[in-house]
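Novice: Provided below for reference: sequence and predicted model.
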Amino acid sequence: MRRTTFVIGMAGLILLSAGHESQAQRGGRGGGRAGGGISGGGARVGATHVGAGVNSHASRSVIGPAGGTRSAGAGSGSYTTQRGTTINYAGAGRGGTTAGGVNYGRGAGAVQVTTPGGKTATKVGGASGIAGPGGNAVGHRAGVTTGSGPGGSFSSAYHGGVAVGPHGAVAGGARVGTATGVGGTTVSGYGRHAAAVGPYGSIAGGTRGGVAVGPGGVAVAGSRGVAARSPYGTYYAGRGALATTGGVVRTNFGYYNTFNRGWYARYPGAWYAAGWTAARIWAAPAWGAVSSYCSYPSEPAYYDYGDTVVYSGDTVTINGDTEVPAEQYAQQATEIATTGKATTNEPKPDDFELLGVFAMVQEGEEKSTNIFQLAVSKEGLIRGNYYNALTDTTEPVYGSVDKKTQRAAWTVGDRKSPVYEAGIANLTKDETTMLVHFSKDNRQQFMLVRIPQPEGDQPMGNK
């Protein structure tokens, strides 16, 4: 039943994540928490505080005469945050185990958010999966997101699948069909692309390219730069693929009227200095400016997850030679973030080098509702704001940079997790990979896309 529970839980995760969600919105992997600080599970979805709410849940289980089991459950609810945002949610799932030991499950659900300003966003989707007793498994997910507000509307859709053989073979991607045979052979289709992985890692490419992952790590093939996701938390993303995704995200970015005079007036508690200008908030500093301001070495130390930092089981390999336990690497990120929050000598916002505004997305996403505005002090403190456009809420960012390793890590609000990390030099790029630690043994690779100042943005002045 463990795989059944996972499959059903995966459906709720997809639906109640924002972006994205990035955990913040794509929800709490493992616990309902999503990448941008958004929580699922029907209790919180990106809101800092929960107001009045109504919930209903029902479930039932049946055991058949041959030993098979079947269970189903459903739930729905509604609550309003302290700022007046209303969130309605509903979901249902079912699954079971056959007498032959096959686990199966499927789920569906939806979340609708309405802000006090009249913005609405709706996310609907489903997920299903089946796992055999020999370790073969196939999963699928799909969904649609729509939203509207005073400035217009948007919509997006996703569709994907994944298959796992008993010896670790994995394949998947957007618009993917996958299948796994009893001997461990996995076949993946991506539009007109295809690939196959044998039980011991052999790879065969189909028409116009494909992608597959063997048990020993990541293997990438294909004419369009498609990269496979490693089962250990990182995957390779080339500069071309990052630039392409960055261009699409910037083109689709809604701005949400953020980080201007009106936005700071709506959020008087946001991290802010009266002397800032809009051009400075959205600016992209060069590494030379940041390294000089913070007295870092002129030679940057880039953290490119899936390339210079790679998870392999319980080990993290850095720059191809240094290996540290994965648990230790996650603990280091937590300590760096905590150091920045526990300082007793807080600089004024004017004493920071602004790093810009970034949209946070997952692989395959073209829109973002998780936005970071970041800055670094001379002492290496990370500050800024996290804005959840889905729920129209903002929270402060706290973190720091380890001067020796140039590794930056931060958290959002009062939460200790998730912990977000990136190289401080990477935060001067237009696009970069980042890593989000949801716990010591649960992490996921995301991407930060720099967003330029919107055209015609009003001058800041005083709040």
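Specialist: Now that the structure is in, tell me what you want to look at. Numbering: from 1, shown residues only.
Novice: which residues touch residue 275?
Specialist: Shown in contact with residue 275 (CB atoms under 8 Å, 6 or more residues apart in numbering): residue 350. From N, CA and C alone the C-beta is placed, and that goes for glycine too.
Novice: Correct me if wrong, but it is in a helix.
Specialist: No - using DSSP: H, G, I helix; E, B strand; the rest coil, the assignment for residue 275 is coil, not a helix.
Novice: ok, it to residue 351 distance?
Specialist: For residue 275, the distance to residue 351 equals 11 Å [CB to CB, to the nearest Å].
Novice: In a helix, residue 243, correct?
Specialist: Yes - using three-state DSSP, the assignment for residue 243 is a helix.
Novice: Now for the closest residue to it other than its chain neighbours: which residues touch it?
Specialist: Nearest residue to residue 243, sequence neighbours excluded (CB to CB, 6 or more residues apart in numbering): residue 431, at 6.1 Å. Contacts for residue 431 (CB under 8 Å, 6+ apart) come out as 242, 243, 245, 246, 447, 448, 449, 450.
Novice: same check, this time on residue 376
Specialist: Residues counted as contacts of residue 376 (CB under 8 Å, 6+ apart) are 290, 293, 294, 352, 353, 355, 382, 383, 401, 408, 424, 427.
Novice: Now do the first one against residue 314, distance only.
Specialist: Going back to what we said before, that points to residue 290. Distance from residue 290 to residue 314, by CB to CB: 33 Å.
Novice: How about the fifth one?
Specialist: Spatial separation of residue 353 from residue 314 under the definition CB to CB is 37 Å.
Novice: between the two, which one's more packed in?
Specialist: Taking neighbours as other CB atoms under 10 Å, residue 353 and residue 314 compare with residue 353 leading, 17 against 11.
Novice: where does the stretch 351-463 of the chain dip in pLDDT?
Specialist: The model of the stretch 351-463 of the chain has pLDDT under 70 over residues 457-463.
Novice: try the chain
Specialist: Scanning the chain with the threshold set as pLDDT under 70 gives 1-70, 79, 81-83, 98-104, 113, 115-119, 121, 127, 129-232, 457-463.
Novice: Tell me the bridge partners for residue 352.
Specialist: residue 377 (DSSP bridges).
Novice: host element of residue 248?
Specialist: For residue 248, the host element (DSSP states H and E) is helix 239-252.
Novice: got the contact list for residue 429?
Specialist: For residue 429, the contact set (CB under 8 Å, 6+ apart) comprises residue 450.
Novice: burial count for residue 414?
Specialist: Neighbours of residue 414 (other CB under 10 Å): 10.
Novice: which SS class is it?
Specialist: Using three-state DSSP, the structure places residue 414 in coil.
Novice: So it versus residue 268, what's the distance?
Specialist: Counting by CB to CB, the gap from residue 414 to residue 268 is 18 Å.
Novice: Equivalent analysis for residue 78, please.
Specialist: Distance from residue 78 to residue 268, by CB to CB: 28 Å.
Novice: And the two? Which one has more around it.
Specialist: Taking neighbours as other CB under 10 Å, residue 78 and residue 268 compare with residue 78 leading, 15 against 8.
Novice: bridging residues for the residue lying closest to the more buried one once chain neighbours are set aside?
Specialist: Of all residues not flanking residue 78 in the chain, residue 88 sits nearest, at 4.6 Å (CB to CB, 6+ apart). Counting by DSSP bridges, residue 88 forms beta bridges with residue 78, residue 112.
Novice: same check, this time on residue 436
Specialist: Applying DSSP bridges, one finds that residue 436 bridges with residue 420, residue 444.
Novice: For residue 308, see how far away it is.
Specialist: Taking CB to CB, one finds residue 436 at 17 Å from residue 308.
Novice: Among those two, which residue is more densely surrounded?
Specialist: Counted by other CB under 10 Å, residue 436 and residue 308 do not tie: residue 436 has more neighbours, with 30 against 15.
Novice: Correct me if wrong: the more buried one contacts residue 420.
Specialist: Yes - using CB atoms under 8 Å, residue 436 makes contact with residue 420 at a distance of 5.5 Å.
Novice: which residues of the protein fall in helices?
Specialist: Along the chain, counting by DSSP state H, helices occupy 2-16, 239-252, 261-266, 278-281, 287-294, 326-341.
Novice: Export stretch 356-370 to CSV, keeping only CA atoms.
Specialist: The C-alpha trace of stretch 356-370 is given here as CSV (Å, rounded to 0.1, in the frame of the first residue of the first chain):
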residue,chain,number,x,y,z
GLY,A,356,17.2,41.7,-8.8
VAL,A,357,13.9,40.0,-9.2
PHE,A,358,13.6,36.2,-10.1
ALA,A,359,10.8,33.9,-11.1
MET,A,360,11.1,30.4,-9.8
VAL,A,361,10.0,27.5,-12.1
GLN,A,362,10.3,23.8,-12.4
GLU,A,363,11.5,21.9,-15.5
GLY,A,364,8.9,22.3,-18.2
GLU,A,365,7.0,25.2,-16.7
GLU,A,366,6.4,28.3,-18.8
LYS,A,367,4.8,30.5,-16.2
SER,A,368,5.6,31.4,-12.6
THR,A,369,3.7,32.6,-9.6
ASN,A,370,6.7,32.3,-7.2
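Novice: Check which residues of it are buried.
Specialist: For stretch 356-370, burial by neighbour count (16 or more other CB atoms under 10 Å) applies to 356-363, 365-370.
Novice: what's the answer for stretch 257-275, then?
Specialist: Per 16+ other CB under 10 Å, stretch 257-275 contains these buried residues: 257, 258, 259, 260, 263, 264, 267, 270, 271, 272.
Novice: same question, stretch 234-247
Specialist: In stretch 234-247, counting by 16+ other CB under 10 Å, buried: 234, 235, 236, 237, 241, 242, 245, 246.
Novice: What is the most widely separated pair among these?
Specialist: Using CB to CB, these span at most 18.8 Å, a distance reached by 234 and 246.
Novice: and the gap between the closest residue to residue 423 other than its chain neighbours and residue 434?
Specialist: Once flanking residues are discounted, residue 423 sits nearest to residue 303: 3.5 Å by CB to CB, 6+ apart. The gap separating residue 303 from residue 434 is 8 Å, by CB to CB.
Novice: Return the set of residues that bridge with the nearest residue to residue 340 once chain neighbours are set aside.
Specialist: Ranked by CB to CB, 6+ apart and with sequence neighbours excluded, the top spatial neighbour of residue 340 is residue 400, at 3.0 Å. In this entry, residue 400 is beta-bridged to residue 381, residue 409, by DSSP bridges.
Novice: Residue ranges of each domain in this protein, please.
Specialist: Using automatic domain parsing, the domains assigned to the chain come out as 2-168, 240-450.
Novice: so what does the helix holding residue 248 touch, helix or strand wise?
Specialist: Where contact means 3 or more CB pairs under 8 Å, 6 or more residues apart in numbering; DSSP states H and E, helix 239-252 is packed against strand 352-361, strand 431-439, strand 442-450.
Novice: Tabulate the ones you listed in CSV, adding columns for distance to residue 126.
Specialist: Below are the helices and strands packed on helix 239-252 laid out as CSV (distance: least, CB to CB, whole Å):
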stretch, distance to residue 126
strand 352-361, 22
strand 431-439, 23
strand 442-450, 21
